[in-house]
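Participant: please work out how this folds:
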Amino acid sequence: MKVDIDMGAAPAGARAMLDLEELLATRLLVQGNSGSGKSHLLRRLLEQSAQWVQQCVIDPEGDFVTLAEKYGHVIVDGARTESELTRIAARIRQHRVSVVLDLEGLDVEQQMRCAAAFLGGLFDAERDYWYPMLVVVDEAQLFAPAVAGEVSDEARKLSLGAMTNLMCRGRKRGLAGVIATQRLAKLAKNVAAEASNFLMGRTFLDIDMARASDLLGMERRQAEQFRDLARGHFVALGPALSRRPLAVTIGAVETSARSSSPKLTPLPQPGEDARDLIFTPAPEERRTPIRRSPTPPPTTSTADILSQLNQAAKAAAQPDNPAPMLFPEIDEAERNTSISAVMQEMLADPDASFRTDAVLYQDFLVRCRIRRVPGDALTLPEFRRRLAVARAGIDGETAQSEPWQQALELSKTLPDDVQGVFFIVAQAAVKGSSCPSDATLARAYGTHSARRARRLLTYFEEQGLIVVRTDFTGNRIVAFPDLGCETGPGDPNGPEEAAPEQEAAE
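Facilitator: Reported below is the predicted structural model:
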């Protein structure tokens, strides 16, 4: 069914129509400096399409909550745990309810974590509920930053991974991303590049004008026109809008944001009692003492809270007459076996070594839900460590040996992203096999550069964990002083060895 959305006026008295069905398949990117009318454009799109498609708005400023009164959107307060938001998102897809995720009042890192959990719930919905949904993300540069900022690396990776899934893989799941940003230079290129429709508003910086003109297929000298655009005026291009750059003036909206642009108001005439008004306390101030709010305690992550609850439950004394169990007890051995099977299934993909941990973590969570693995999901740090061990392909006999247990303890002093390389070399030393080649170590690190692999060995040696030497034939030997073992001679320039998980699959 073809549905055209009236976005406003086009040149020569025509109407600027947007093909909604085409938009669901090709996504939309809106760019413009603050005050250019991006939020007004998004509101126009949401109002005109509310009766035709399910909508979800990621709202960091609380501007779109006014849609609820007229169009029936449900407001979801972002001040919830990540697991709650994930479950709510799954029910939203099941029941096809339009919602606004209100993140106002949260700091940037909390907004990123909440948005990642919510988008993950939408993305991981069961196949039976993959109905079309318009997912609008305002201020997208907050959730998909081009460079690391003041937030933690974990929060940035989770949020960026969720936004990448929305724009790159969301179409097959019915999710159509509509993202708006103040500056293209601040938005991750992998996220921006997946949009096929563009609405470019007023912008002043040369780098943003150059990127906007490149996306619209315009010459650089034509980029100057973006400085002259008035508020609410955009240049449109894309299969859902126009095959050639088209000037669009966004039409009026029926609802309004809670916040608006500041308006000039005349100042009151100063009087002789101005000083008294400022420095003399009012009667109610005299009666009510000023109370300074205490410094809020640092926020605790959901993983830490769950860990504390589990420890408290184990420490509590068991009652004499325990009540009948409402839920079956989780078999840890069976759970670990299921998790290991999921890990091996993931790593059987030849491209898994070159994907980021955030993308692999999302894939891992989906596979665990499909297999119905019991118990709480692994946290990202736990997942990284188990993934590193799985990549090394440790057999049962080696895993129980004393040197390998010492190697696990030594690895805790290393960053998460290099532990996989350490485990592969340590396994070769414990088993007395030949030293892995640079190509093998590079694959374990997720890169094609052999030079980076050699730098990792130098880093381990600087940490006092290994000693690297070369024999007379040019083969490399790596010794572990703390383990009392060393690898056999191996050619550093040799071919890449098959990954242990691939050998198991074959």
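Participant: contacting residues around the nearest residue to E150 once chain neighbours are set aside?
Facilitator: Closest residue to E150 apart from its sequence neighbours, by C-beta to C-beta, 6 or more residues apart in numbering: V108 at 7.6 Å. In short, each C-beta sits where N, CA and C put it, glycine included. The contact partners of V108, by C-beta atoms under 8 Å, 6 or more residues apart in numbering, come to 142, 149-151.
Participant: check G174 too.
Facilitator: 24, 130-133.
Participant: between those residues, which sits nearest F472?
Facilitator: Nearest to F472 among the contacts of G174 is W130, at 62.4 Å by C-beta to C-beta.
Participant: what about the closest one, how many neighbours?
Facilitator: By other C-beta atoms under 10 Å, 14 other residues sit near W130.
Participant: one more: S49?
Facilitator: S49 has 18 neighbours, counted by other C-beta under 10 Å.
Participant: contacting residues around it?
Facilitator: Contacts for S49 (C-beta under 8 Å, 6+ apart) come out as 3, 5, 20, 55, 134.
Participant: confidence score at it?
Facilitator: Reported pLDDT at S49 in the predicted model: 92.
Participant: can you select the buried ones from the contacts of G174 in ChimeraX?
Facilitator: Burial among these is assessed by 16 or more other C-beta atoms under 10 Å; the matching ChimeraX selection reads:
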select :24,132,133
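Participant: so which of the contacts of S49 is the most crowded?
Facilitator: For the contacts of S49, the largest neighbour count, defined by other C-beta under 10 Å, is 25 neighbours, found at L134.
Participant: residues contacting the helix or strand containing that one, please?
Facilitator: Using DSSP states H and E, L134 sits within strand 133-137. With C-beta under 8 Å, 6+ apart as the test, strand 133-137 has contacts from 23-24, 42, 45-46, 49, 53-58, 64, 93, 115, 119, 122, 143, 163, 166, 170, 174-180.
Participant: strands - which of those land there?
Facilitator: With strands taken from DSSP state E, the overlap with the contacts of strand 133-137 comprises 54-58, 175-180.
Participant: now tabulate those residues in JSON lines and tack on pLDDT and distance to L158.
Facilitator: Shown next, in JSON lines, are those (pLDDT from 0 to 100; distance: C-beta to C-beta, whole Å):
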{"residue": "Q54", "pLDDT": "94", "distance to L158": "24"}
{"residue": "Q55", "pLDDT": "94", "distance to L158": "24"}
{"residue": "C56", "pLDDT": "94", "distance to L158": "18"}
{"residue": "V57", "pLDDT": "94", "distance to L158": "20"}
{"residue": "I58", "pLDDT": "93", "distance to L158": "14"}
{"residue": "L175", "pLDDT": "93", "distance to L158": "17"}
{"residue": "A176", "pLDDT": "92", "distance to L158": "22"}
{"residue": "G177", "pLDDT": "92", "distance to L158": "17"}
{"residue": "V178", "pLDDT": "94", "distance to L158": "21"}
{"residue": "I179", "pLDDT": "92", "distance to L158": "17"}
{"residue": "A180", "pLDDT": "92", "distance to L158": "21"}
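Participant: in the protein, where is pLDDT below threshold?
Facilitator: Low-confidence segments of the chain, defined by pLDDT under 70, are located at 1, 220-221, 258-263, 270-272, 284-310, 312-330, 351-354, 357, 391-399, 498-506.
Participant: how about 50 then?
Facilitator: Residue ranges of the chain with pLDDT under 50: 325-327, 500-506.
Participant: could you identify the longest strand within it?
Facilitator: Assigned via DSSP E, the chain shows its longest strand as strand 242-250.
Participant: is it true that L18 touches V3?
Facilitator: No. Applying C-beta atoms under 8 Å, one finds L18 not in contact with V3, separated by 9.2 Å.
Participant: coming back round to it: CSV please, covering the contacts of G174 and showing distance to Q225.
Facilitator: Formatted as CSV, the contacts of G174 follow (distance: C-beta to C-beta, whole Å):
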residue, distance to Q225
L24, 30
W130, 40
Y131, 39
P132, 34
M133, 34
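Participant: domain ranges for this protein?
Facilitator: Using automatic domain parsing, the domains assigned to the chain come out as 4-250, 332-505.
Participant: now do the contacts for the residue most central in space within the chain.
Facilitator: Ranked by distance to the mean C-alpha position of the chain (C-alpha atoms, centre = their mean), the top residue is S159 at 2.0 Å. For S159, the contact set (C-beta under 8 Å, 6+ apart) comprises 112-113, 115-116, 143-144.
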